[in-house]
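# No letters, just coordinates:
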C-alpha cells in the first residue's frame, strides 16, 4: 500500500528550469529493484500547466533503471530530449507519474502561473527497514512506527472528505483498518501536523 511522502508547492509564476532527473535516492542498485521501487506522485495543478510552463517527462523511462542523462542529452544534441512529452493539465487536474520517470521543466517564460501540490506515495515494502536518503530530515531507518506516524495523514484525509461529503461511502485504508486505527480531522489533528514534512520518507 502507498504511504504519503511529501506535500509542497513549487514553480509559482515564472519559475526557473529544473534539470532532467529521476526521483529516488535508494534502491537503484538493489537486486529487488523494479519499476515501482520509488513509488509515484500525485501532482494537483492549481492553475493548470502547458508545454510552456509545465513538466516534461520521458514515457517508459521508469522501467529502464537509472538513466545516463548526460549521454542522453549528448546524443540528442540538445536538452530537448526527442522522446519527452509535456504534461498538459487544466486547473484542478491531477497528473499521476512514476517517480522513476525521467522528468524536468524548462524555464517558464510564459504568462501563465504554475503551482503544483505534489503528493508522493510509496509501497510499504519499498520503505520498511530502508535507510532513507535524508533529503528533508536526518537519515534514518524507516521502521514500522515511523511509517505508521507518516501514514496517519491518510486517515485524516479520509475523515476530512467524510465530513465534507457525508453522503459518500468513505474509503477504507486497509492498513488502518487492520490495526483498528481511527482518525478524526479536527482542530487538534490540524495542530498535530506542524512540521509534518520532517517525517518525509526520502527513498
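Received, thanks. What you are looking at is a predicted structure, and each value in this text was computed from that prediction instead of being measured. Numbering: from 1, shown residues only.
# For the most centrally placed residue in the chain, pull up the helix or strand it's in.
The structure's the chain has its C-alpha centroid closest to residue 120; by Cα atoms, centre = their mean the separation is 2.4 Å. In this assignment (DSSP states H and E), residue 120 forms part of strand 116-123.
# Next, the buried residues of the very next helix or strand once past that strand.
Counting by DSSP H and E, the next helix or strand C-terminal to strand 116-123 is helix 144-164. By neighbour count on 16 or more other Cβ atoms under 10 Å, the buried set for helix 144-164 is 146-147, 150-160. C-beta: built from backbone N, CA, C; applies to glycine.
# can you check stretch 118-126 too?
By neighbour count on 16+ other Cβ under 10 Å, the buried set for stretch 118-126 is 118, 119, 120, 121, 122, 126.
# so can I have TSV of these showing pLDDT?
Shown next, in TSV, are the buried residues of stretch 118-126 (pLDDT from 0 to 100):
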residue	pLDDT
118	89
119	86
120	87
121	90
122	92
126	93
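# Reformat those residues as TSV; add distance to residue 80.
Conversion of these to TSV gives the following (distance: Cβ to Cβ, whole Å):
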residue	distance to residue 80
118	24
119	29
120	27
121	30
122	31
126	32
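# Would you enumerate the residues in contact with residue 131?
Contact analysis of residue 131 by Cβ atoms under 8 Å, 6 or more residues apart in numbering lists 26, 139, 140, 141, 142.
# ok, which stretches of the chain are helices?
Remark: helices assigned in the chain by DSSP state H are 69-76, 144-164, 174-179, 187-192.
# what's next to the third one, contact-wise?
Which is helix 174-179. Residues outside helix 174-179 that contact it (Cβ under 8 Å, 6+ apart): 1, 124, 148, 151, 154, 155, 182, 183.
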